[in-house]
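Colleague: take this sequence and fold it.
(chains A and B)
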Amino acid sequence: MNITIDKTQQREKMTSLMSKFVSLVSYKLPDDVENKLRELSEEESNPLAKIIYDTMFENQSLASELKRPSCQDTGVLQFFVKCGQNFPLIGQLDSILKDSVYKSTLETPLRHNTVATFDEYNTGENIGDGSPSIFWEIEEDSDKVEIYTYMAGGGCTLPGVATVLMPGEGYEGVVKFVLDRMTSYGINACPPLLIGVGVGTSVETAAMNSKKALMRPVGSHNENENAAKMERLLEDGVNAIGLGPQGLKGSKSVMGVNVVNTARHPSTIGVAVNTGCWSHRRGKITFDSKLDYVINTHKGVTL
Amino acid sequence: MSKKILTTPIKDEDLKDIQIGDIIYLTGTIVTCRDVAHRRLIEEKIPLPVDLNGNAIFHAGPIVRDHGNEDYEIISIGPTTSMRMEKFEKEFIEQTGVKLIVGKGGMGKNTEAGCKNHKALHLVFPAGNAVYAATKVERIKEVHWKDLGMPESLWVCEVKEFGPLIVSIDSEGNNIFERNKVEFNKRKEEQYEFISKQVRFIK
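Modeller: Below you'll find the model as predicted:
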């Protein structure tokens, strides 16, 4: 009996905390992104680009002050969950996350971004079949849960691309695939971008890796020496194209390039590119088994 | 340089000295109008419930709080990717007489032709700055096509000195993004040559 009551209360507590966390992510950028944008604006010399950066900083300060979503496209909520096998609410977590999106949609408010496919109507609730998107990993012998929360917008990161190259095309083919995306879709995807590149064995593994790459902090590096070298080369290369903020030219193009890789079949190189916009609304929160939390991405913030 | 402000209704001659790369501001009426609204008018032949002649449209889907009794409050509003409307925009300009199209990113040949033949501009509002933009909206006058849901409804907004709006296509059909792309692509090819030699990990 007591265990049931306790679970109901805990469920409500976590839903309420996650709803507030989703709201926080909508109006405050993570520290790594804020710092990088500041650095890029200080290095910028193009006058039009400078005006755009000024608008961005004014917007972020208004959003934070008024607690309103800094961008109107609050996206599809994507959660990347790493759940300990002994976390008490492991079985309730999917429904907690869905309820928290609904609650946050009413309270923040967020935009209604869920359209039922084929029947083609907006649910008006910002949740629906398979929405939010929740991606799971289970951690052995742990009673904690780590949750990356990402507001994936319709004009930047949702239209990612993936393909499977032939090994004869080599990593040169990966570079070409990434660069071609920058001068076509990337211009309109709200630069300066955070580029997530996934390398794997198929379209779906590459796509998932490219999304995980966007969860990694700006300025972090792949542990593999060759992959880290490609990150550096691509970052410098895309910056040399000079897309500037909004694709209207400037000194640089990106906040960074993050590569995440897994093994491949001898016949394939899966590659995917995800373009995170400048307003990279991602947050990471970790709960222990008592639901005490730590926010890893936004220093000094409590819910 | 003085602040260039356009006020609706806008006439052809108001636009003749404005060139790509200029920054302007808008006072008057702007109506949100995006994917499905374009498709309805052009392909489904359903007349728009708002007169856009001399006015402005905004490729945007706002966050709006409904206070009841037709009282709405704009929380956040900002542009969406204009290129998605490219396939409709030339005919849209022809049929509606709209003078300003505000969005994000560039548009293509169709819109260039529409802007040139019917004297209109495509403008970029720096995207992602939706609270800043909301502070420039004085009120929501009306809303139409609510059956499309919050992002796709036609929100008729009264704005004051709404901007900065960066001219991306002018009324002569010049296109700043297409011009920039030539340079971007040239640099991209140089970078590809340079990087591809250093990533030959398969040997």
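
Colleague: so what does the helix or strand encompassing residue B:155 touch, helix or strand wise?
Modeller: Using DSSP states H and E, the secondary-structure element containing residue B:155 is strand B:154-169. Taking 3 or more CB pairs under 8 Å, 6 or more residues apart in numbering or on different chains; DSSP states H and E as contact, the helices and strands that strand B:154-169 lies on are helix A:47-66, strand B:23-32, strand B:72-76, helix B:109-118, strand B:121-124, strand B:137-144, helix B:176-196. Just so you know, the C-beta spots here come from the backbone N, C-alpha and C atoms, and that holds for glycine as well.

Colleague: what inclination does the longest one have with respect to strand B:154-169?
Modeller: Here helix B:176-196 runs at 70 degrees with respect to strand B:154-169, directions being taken by axes from the mean of the first three to the mean of the last three CA atoms, to 10 degrees.

Colleague: average pLDDT for helix B:176-196?
Modeller: Mean pLDDT, taken over the full extent of helix B:176-196, equals 97.

Colleague: contact partners of that helix?
Modeller: A:172, A:175-176, A:179-180, A:182-183, A:187, A:233-234, A:237-238, A:240-243, A:247-249, B:20-21, B:105-108, B:112, B:166-169 (CB atoms under 8 Å, 6 or more residues apart in numbering or on different chains).

Colleague: quick one on the thing from earlier: so the strand holding residue B:155 versus helix A:47-66, what angle?
Modeller: 150 degrees.

Colleague: in helices only, show me the contacts of helix B:176-196.
Modeller: Assignment to helices by DSSP state H places the following of the contacts of helix B:176-196 there: A:172, A:175-176, A:179-180, A:182-183, A:187, A:233-234, A:237-238, A:240-241, B:112.

Colleague: out of the residues you listed, which is most surrounded?
Modeller: In terms of neighbour count, residue A:238 stands highest of the ones in helices among the contacts of helix B:176-196 at 29 neighbours, by other CB atoms under 10 Å in any protein chain shown.

Colleague: so how far is residue A:35 from it?
Modeller: Spatial separation of residue A:238 from residue A:35 under the definition CB to CB, to the nearest Å is 20 Å.

Colleague: what's the answer for residue A:206, then?
Modeller: Following CB to CB, the distance that separates residue A:206 from residue A:35 is 29 Å.

Colleague: the more surrounded of these two?
Modeller: Legend: neighbour count by other CB under 10 Å for residue A:206 and residue A:35, higher for residue A:206 (31 against 14).

Colleague: right, and the more buried one touches residue A:200 too?
Modeller: Yes: applying CB atoms under 8 Å, one finds residue A:206 in contact with residue A:200, separated by 4.3 Å.

Colleague: so what sits against both of these two?
Modeller: With CB under 8 Å, 6+ apart, residue A:206 and residue A:200 have common neighbours A:270, A:272.

Colleague: residue 98 - how many residues pack around it?
Modeller: Chain wasn't specified; assuming chain A. Neighbours around residue A:98, by other CB under 10 Å: 18.

Colleague: oops, chain B please
Modeller: 24.

Colleague: can you check residue A:257 too?
Modeller: Applying other CB under 10 Å, we find 25 residues neighbouring residue A:257.

Colleague: do residue A:218 as well
Modeller: For residue A:218, which is what you asked about, the neighbour count (other CB under 10 Å) is 21.

Colleague: just confirm it is within a strand.
Modeller: No: under DSSP: H, G, I helix; E, B strand; the rest coil, residue A:218 falls outside any strand and is assigned coil.

Colleague: isn't it up against residue A:37?
Modeller: No: counting by CB under 8 Å, no contact exists between residue A:218 and residue A:37, whose distance comes to 9.3 Å.

Colleague: what is in contact with these two at once?
Modeller: Taking CB under 8 Å, 6+ apart as the contact definition, residue A:218 and residue A:37 share the neighbouring residues residue A:255.

Colleague: what does the stretch 1-150 of chain A have sitting close to chain B?
Modeller: Remark: the part of the stretch 1-150 of chain A in contact with chain B comprises A:48, A:51-52, A:55-56, A:58-59, A:62-63, A:66, A:68-74, A:109-113, A:115, A:121-122, A:124, using CB under 8 Å from any CB of the partner chain.

Colleague: give me the buried entries from the residues you listed.
Modeller: Buried residues within those, counting neighbours by 16 or more other CB atoms under 10 Å in any protein chain shown: A:48, A:51-52, A:55-56, A:59, A:62-63, A:68-74, A:109-113, A:115, A:122.

Colleague: hang on, the earlier thing: ok, so of the ones in helices among the contacts of helix B:176-196, who is nearest residue A:90?
Modeller: The shortest separation between residue A:90 and any of the ones in helices among the contacts of helix B:176-196 is 37.6 Å, and it belongs to residue A:234 (by CB to CB).

Colleague: look up how far chain B lies from the residue nearest to the closest one when sequence neighbours are not counted.
Modeller: Leaving aside its sequence neighbours, residue A:234 sits nearest to residue A:257 (CB to CB, 6 or more residues apart in numbering or on different chains; 4.3 Å). Distance of residue A:257 to chain B, computed by CB to the nearest CB, to the nearest Å: 11 Å.

Colleague: mind listing what the helix or strand containing residue A:257 pairs with, with the direction of each?
Modeller: Under the assignment given by DSSP H and E, the secondary-structure element containing residue A:257 is strand A:254-261. Take DSSP bridges as the rule and strand A:254-261 pairs in its sheet with strand A:193-200 (parallel).

Colleague: hang on, residue A:290 in a strand?
Modeller: No: going by three-state DSSP, the assignment for residue A:290 is coil, not a strand.

Colleague: host element of residue 37?
Modeller: All of this is about chain A. When secondary structure is defined by DSSP H and E, residue A:37 falls within helix A:31-43.

Colleague: oops, wrong one, chain B.
Modeller: helix B:35-42.

Colleague: scan chain A for its longest helix.
Modeller: Ranked by residue count and defined by DSSP H, the top helix of chain A is helix A:2-27.

Colleague: helices and strands around that helix, which ones?
Modeller: Of the remaining helices and strands, those touching helix A:2-27 by 3+ CB pairs under 8 Å, 6+ apart are helix A:47-66, helix A:93-107, strand A:145-152, strand A:282-287, strand A:293-295.

Colleague: most tightly packed of these?
Modeller: Among the helices and strands packed on helix A:2-27, judged by mean count of other CB atoms under 10 Å in any protein chain shown, the one packed with the most neighbours on average is strand A:145-152 (a mean of 23).

Colleague: what's in contact with that strand?
Modeller: Contacts of strand A:145-152 (CB under 8 Å, 6+ apart): A:18, A:21-22, A:25-26, A:71, A:73-84, A:87, A:89-90, A:93, A:97, A:133, A:157-158, A:214-215, A:281-287.
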